[in-house]
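Make a model of this:
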Amino acid sequence: MSETLVLALDESQTRREAVEKRVASLGYTMTALAAKVTPVQEPAAPCSCSRPQEQAEVAPATAVQRNLEPLSWKVGGMDCASCAATIRGAIGRLPGVSDVKISVASETLTLALDEYQTRRDVIEKRVASLGYTTAIVAPKTQASNPTAYGRGELEDSAGHGMPGHVYEATPDGASWYQTNKGRLVLTTGALLGAAWVSSLVWPAAAHWAFIAACVIGIVPVARKAYAAASAGMPFTIEMLMTIAATGALFIGAAEEAALVVFLFAVGEVLEGVAADRARASIRALGDLVPKTAIIEENGETRTVDAAGLAIGQIVLVRPGDRIPADGEITDGVSGIDESPVTGESVPKTKGVGEPVFAGSVNSEAALRVRVTKAAEDNTIARIIRLVEEAQEARAPTERFIDRFSRIYMPAIVGLAVLVAIVPPLLLGGEWSVWVYRALALLLIGCPCALVISVPASIAASLSTGARQGLLMKGGVVIEAAAKTGIVAFDKTGTLTQGRPRLTEVVALGRAEREVMELAASVETGSSHPLALAIIERAKAHVIPVRNAAEAKAIAGQGVTGTLDGVTIFVGAPRHALSRATFDEDAKAAVERLESAGKTVAAVIADGVLAGLIALRDEPRDDAAAGIAELKQMGIRSLMLTGDNARTGAAIAGSLGMEHKAELMPEDKVTAIKALSTEGSVMMIGDGINDAPALAAAGIGVAMGSGTDVALETADAAILKSRVRDVAAMIRLARATMSNIRVNIAIALGLKAVFLVTTVFGYTGLWVAILADTGATVIVTANALRLLRFNAGKAA
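Okay, the predicted model is just below:
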């Protein structure tokens with residue numbers, strides 16, 4: 001008998017430890033065997049149960065080339081960049097771990113793991129040892145339920161929170177005092193209060209009460225400091241705190257030590273509250289998508305989970321309901337309120353064939369919508385995904401501060417050691433006095449405020465931008481946008497509506513309504529943009545649209561047909577000259593219209609010029625105002641277009657900007673590179689042909705109504721497709737960088753002042769920690785001001 005158990009296991013549903021524990025509970029021992037590796041199938045990673053304690057937790061590596069699937073965990077209590085840096089440093093050192101991504105906003109840890117070198121439970125134990133809770137996220141969680149921002153679908157068996165640890169995620173709807181951080185503050189605060197009362201009633205016991213308050217508060221912090229040091233990171237904020245509090249106890253400053261621990265715990269709670277507030281603004285986006293949907297199948301309706309909707313299904317959206325998925329209307333006409341998604345306050349009337357967004361509100365009549373995108377790809381999910389990815393991308397300033405902190409922390413420890421030993425040894429100072437000052441120096445030297453000064457502002461800015469329809473993919477983009485000196489615009493679909501509109505009818509041989517009726521009759525059934533514009537105008541003016549007989553297109557010239565016995569030709573003036581006579585007035589009208597950048601169609605009826613129709617892709621309603629705002633901000637605007645020079649000049653002239661016309665996609669890239677020598681360039685585009693230029697610019701911005709290629713290539717996106725939002729995005733970026741500079745000045749300024757006063761003995765332990773906590777609170781509060789920033793309002 002081989003005494004073996006072989007099974008196939010879906011670890012997204014049951015973890016292997018659960019199987020091992022179940023077998024062990026029956027009284028059997030169990031040791032996993034290394035599976036035979038084949039080129040066809042990836043074997044289960046070796047693990048062991050009821051193994052001896054001395055057995056290595058890291059499995060031996062193999063030489064087999066493997067495709068590693070990413071694993072994700074929800075990490076509770078990760079409230080700041082310092083937390084993320086600690087986790088990244090501890091996990092990144094393990095063998096087989098690569099591509100570590102940490103999002104403070106969504107409290108997630110994602111990495112690629114070779115389980116032949118390190119098992120996933122080792123990852124969980126390492127994170128838990130740092131004082132955070134972990135819960136594995138099912139592989140398809142984010143795809144299947146994009147509304148669960150910052151929460152995720154968690155496996156039951158994956159909680160590794162350590163009892164008594166400070167760090168724990170705040171459950172949805174839970175108040176701060178329901179978390180371990182909050183409970184620690186309340187406990188240490190109560191003990192501190194009791195100690196002060198006892199100092200009045202029973203002075204002899206007061207000293208021990210202060211010691212108890214300090215020890216209870218410092219234990220979880222010391223545990224985390226020890227775990228970080230064991231992972232190769234000895235210089236952490238928790239380590240400085242532990243040394244200072246322990247040292248204070250040894251020199252008899254128990255009262256101040258207890259107060260220091262209490263104030264530190266308060267700072268941690270405030271940090272968590274601020275982080276959760278920033279998360280809530282993005283989480284609210286996910287809540288826009290309804291949890292259920294009504295689908296129609298075989299003439300019957302039933303309610304299903306909206307996250308499980310498949311492409312092609314028909315959903316019924318009643319008046320007042322939110323649309324559960326991105327799709328296309330198949331039946332009905334109604335006003336759609338898209339303000340939750342785009343911020344556009346005026347509802348749009350949409351009918352059959354028109355697209356709708358998940359999260360929009362159907363305000364008037366029942367609609368049937370065909371699902372065109374799965375839940376993980378709908379507009380809301382993409383916005384959330386972009387914001388998550390953006391918050392993972394650290395700004396250059398943040399990376400600099402991170403590097404600075406790695407030098408700064410050891411320097412502070414070294415300085416504190418010198419303060420503690422040099423004066424007593426060389427100057428005859430009192431040991432207790434200088435050790436006390438050194439401990440205070442450690443506390444004031446904590447870089448909490450400095451470390452969070454940048455990511456707090458970036459996170460608040462990204463959240464604010466997302467709510468206002470301005471998506472920027474990280475701190476790098478924000479910094480680049482703030483430096484923008486030149487904005488280059490594509491014309492079609494960016495500065496203009498993207499489709500031609502009939503702007504003018506010049507009646508010559510016949511009345512204006514007759515000219516329109518004749519032109520519409522031969523254009524009926526055509527899908528050409530100019531034909532559609534003519535028919536749209538005819539319908540708008542209640543002009544009858546009848547089908548012309550013998551209608552046909554003449555390649556490269558125009559269309560012909562017969563209506564009520566009248567032979568009609570509609571085409572460019574140069575082709576119409578051979579069919580009818582143009583007098584001086586007609587020629588002048590053609591010249592005037594073409595000079596304005598309009599496309600002119602001549603309408604010929606029985607060999608006589610009946611009239612002229614002018615069409616043009618008109619600028620967006622806010623285009624001129626948007627360019628004017630950029631000019632007021634000292635930013636140069638330029639239009640890059642593949643259209644002809646006359647049309648380009650006409651559009652650019654009406655908007656008051658420079659232009660370059662008749663450009664191929666590669667010519668736009670060349671133009672962008674030339675502009676980059678003059679200053680930082682932002683490129684705005686919406687089409688596939690704009691993708692190379694978007695990538696070449698210092699920062700590429702896609703209009704939200706543009707193609708997926710443009711949106712993916714770009715560094716940022718404007719969801720409302722408004723030209724004025726370009727200035728709003730730059731305004732938000734500049735406000736963010738200003739906020740960051742103020743934060744850094746506050747953090748460094750306060751530390752500089754209190755470092756001096758501490759060394760000279762003017763401030764003690766409790767003032768030092770109060771200054772450090774105060775700086776952290778001030779910096780966080782200043783960053784949160786960006787959540788109320790109105791980017792669309794000019795200064």
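
On the C-terminal side of the host helix or strand of residue 226, identify the next helix or strand.
Assignment of secondary structure by DSSP states H and E places residue 226 within helix 203-230. Per DSSP H and E, the first helix or strand lying C-terminal to helix 203-230 is helix 237-250.

tell me the mean pLDDT for that next one?
For helix 237-250, mean pLDDT is 75.

How about stretch 693-707?
Averaged over stretch 693-707, pLDDT sits at 76.

chain center to that stretch, what's the gap?
Distance of stretch 693-707 from the chain centroid (Cα atoms, centre = their mean, to the nearest Å) equals 16 Å.

ditto for stretch 759-779
34 Å.

what's in contact with that stretch?
If you take Cβ atoms under 8 Å, 6 or more residues apart in numbering as the criterion, stretch 759-779 is touched by 244, 248, 253, 256-257, 259-260, 263-264, 266-267, 270-271, 419, 433, 436-437, 439-441, 443-444, 446, 448-449, 452-453, 456, 743, 746-747, 750-751, 754, 757-758. Using the backbone N, CA and C atoms, a C-beta is placed for each residue, glycine as well.

which phi and psi does residue 665 have?
For residue 665, the backbone dihedrals (degrees, to the nearest 10) come out as phi -50, psi -40.

Quick one: residues contacting residue 791.
464-465, 468, 470, 725, 728-729, 731-732, 735.

Confirm that it sits in a helix.
No. The assignment for residue 791 is coil, going by DSSP: H, G, I helix; E, B strand; the rest coil, so no helix is present there.

Which single strand of this protein contains the most residues?
strand 608-616 (DSSP state E).

Now do the buried residues in the next helix or strand after it.
Sequence-wise, the next helix or strand downstream of strand 608-616 (DSSP H and E) is helix 623-632. Within helix 623-632, the residues scored as buried using 16 or more other Cβ atoms under 10 Å are 623-624, 626-630.

Run through the helices of the stretch 401-550 of the chain in chain order.
431-444, 448-467, 475-482, 512-523, 529-540 (DSSP state H, counting those that start in this stretch).

Tell me which of those sits most buried.
Compared across the helices of the stretch 401-550 of the chain, helix 448-467 shows the largest average neighbour count, a mean of 27 (mean count of other Cβ atoms under 10 Å).

Measure how that one sits relative to helix 237-250, angle-wise.
Between the axes of helix 448-467 and helix 237-250, defined by axes from the mean of the first three to the mean of the last three Cα atoms, to 10 degrees, the angle is 140 degrees.

and helix 448-467, what other elements does it pack with?
For helix 448-467, the elements it packs on are helix 81-92, helix 254-286, helix 379-392, helix 396-427, strand 470-472, helix 475-482, helix 724-759, helix 765-784, judged by 3 or more Cβ pairs under 8 Å, 6 or more residues apart in numbering; DSSP states H and E.

want to throw those into CSV with distance to residue 670 and mean pLDDT?
Output for the helices and strands packed on helix 448-467, formatted as CSV (distance: least, Cβ to Cβ, whole Å; pLDDT from 0 to 100):
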stretch, distance to residue 670, mean pLDDT
helix 81-92, 40, 77
helix 254-286, 39, 69
helix 379-392, 29, 65
helix 396-427, 27, 76
strand 470-472, 26, 84
helix 475-482, 21, 86
helix 724-759, 22, 88
helix 765-784, 40, 76
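
Mean neighbour count, these: which tops it?
The most buried one of these (mean count of other Cβ under 10 Å) is strand 470-472, showing a mean of 28.

Output stretch 316-334 as PDB, nothing but the C-alphas.
The C-alpha coordinates for stretch 316-334 follow below in PDB (Å, rounded to 0.1, in the frame of the first residue of the first chain):
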ATOM      1  CA  LEU A 316     -34.700  45.600 -19.000                       C
ATOM      2  CA  VAL A 317     -34.100  49.000 -17.500                       C
ATOM      3  CA  ARG A 318     -37.100  50.600 -15.900                       C
ATOM      4  CA  PRO A 319     -37.600  54.400 -15.400                       C
ATOM      5  CA  GLY A 320     -35.600  55.500 -12.400                       C
ATOM      6  CA  ASP A 321     -33.300  52.400 -12.500                       C
ATOM      7  CA  ARG A 322     -29.500  52.600 -12.900                       C
ATOM      8  CA  ILE A 323     -28.200  50.800 -16.000                       C
ATOM      9  CA  PRO A 324     -26.400  47.600 -14.900                       C
ATOM     10  CA  ALA A 325     -23.900  47.300 -17.700                       C
ATOM     11  CA  ASP A 326     -22.400  49.100 -20.600                       C
ATOM     12  CA  GLY A 327     -24.500  48.300 -23.600                       C
ATOM     13  CA  GLU A 328     -26.500  49.400 -26.600                       C
ATOM     14  CA  ILE A 329     -30.200  50.300 -26.700                       C
ATOM     15  CA  THR A 330     -32.300  47.800 -28.700                       C
ATOM     16  CA  ASP A 331     -35.700  49.100 -27.800                       C
ATOM     17  CA  GLY A 332     -37.100  52.400 -26.400                       C
ATOM     18  CA  VAL A 333     -36.200  56.100 -26.200                       C
ATOM     19  CA  SER A 334     -35.400  57.800 -22.900                       C
END
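
Return the set of buried residues in it.
Within stretch 316-334, the residues scored as buried using 16+ other Cβ under 10 Å are 316-317, 321-327, 329, 332, 334.

Narrow these to those in helices?
Under the assignment DSSP state H, the buried residues of stretch 316-334 contribute nothing to helices.

closest to residue 428 among the residues you listed?
Taking Cβ to Cβ as the measure, residue 428 sits nearest to residue 322 out of the buried residues of stretch 316-334, at 75.9 Å.

bridging residues for that closest one?
Beta bridges link residue 322 to residue 361, judged by DSSP bridges.

what does the one 5 residues further on give?
On DSSP bridges, the residues paired with residue 327 through beta bridges are residue 356, residue 371.

quick one, what contacts it?
Contacts for residue 327 were tallied using Cβ under 8 Å, 6+ apart; they are 315, 355-356, 369-373.

Tell me how far it lies from residue 362.
12 Å (Cβ to Cβ, to the nearest Å).

Same question for residue 208.
67 Å.

just residue 613 next, same as before
Using Cβ to Cβ, we find residue 613 at a distance of 37 Å from residue 362.

So for residue 611, what's the pLDDT?
Residue 611 carries a pLDDT value of 93.

now swap in residue 447 and tell me
68.

try residue 49
Residue 49 carries a pLDDT score of 37 in this model.

Also residue 204?
72.

residues near it, how many?
8 (other Cβ atoms under 10 Å).

Name the residue most distant from the centre of the protein?
Largest separation from the mean C-alpha position in the chain: residue 565, at 62.2 Å (Cα atoms, centre = their mean).

For this protein, which helix or strand comes out least confident on mean pLDDT?
helix 141-144 (a mean of 38; mean pLDDT, DSSP states H and E).

any idea of the angle whatever helix or strand comes next after that one forms with helix 203-230?
Counting by DSSP H and E, the next helix or strand C-terminal to helix 141-144 is helix 180-201. Interaxial angle of helix 180-201 relative to helix 203-230 (the same axes, to 10 degrees): 150 degrees.

Residue 74 - nearest residue in space that isn't next to it in sequence?
Distances taken as Cβ to Cβ, 6 or more residues apart in numbering place residue 135 nearest to residue 74, at 4.5 Å, with adjacent residues excluded.

what does residue 212 give?
Leaving aside its sequence neighbours, residue 212 sits nearest to residue 191 (Cβ to Cβ, 6+ apart; 6.1 Å).

count of residues packed around that neighbour?
By the criterion of other Cβ under 10 Å, residue 191 has 22 neighbours.

and it, what pLDDT?
For residue 191, the model assigns a pLDDT of 80.

Let me see the contact set for it.
Residue 191 sits next to 209, 212-213, 216, 258 when contact means Cβ under 8 Å, 6+ apart.

distance of it from residue 749?
In terms of Cβ to Cβ, residue 191 sits 34 Å off from residue 749.

Great, nothing more from me.
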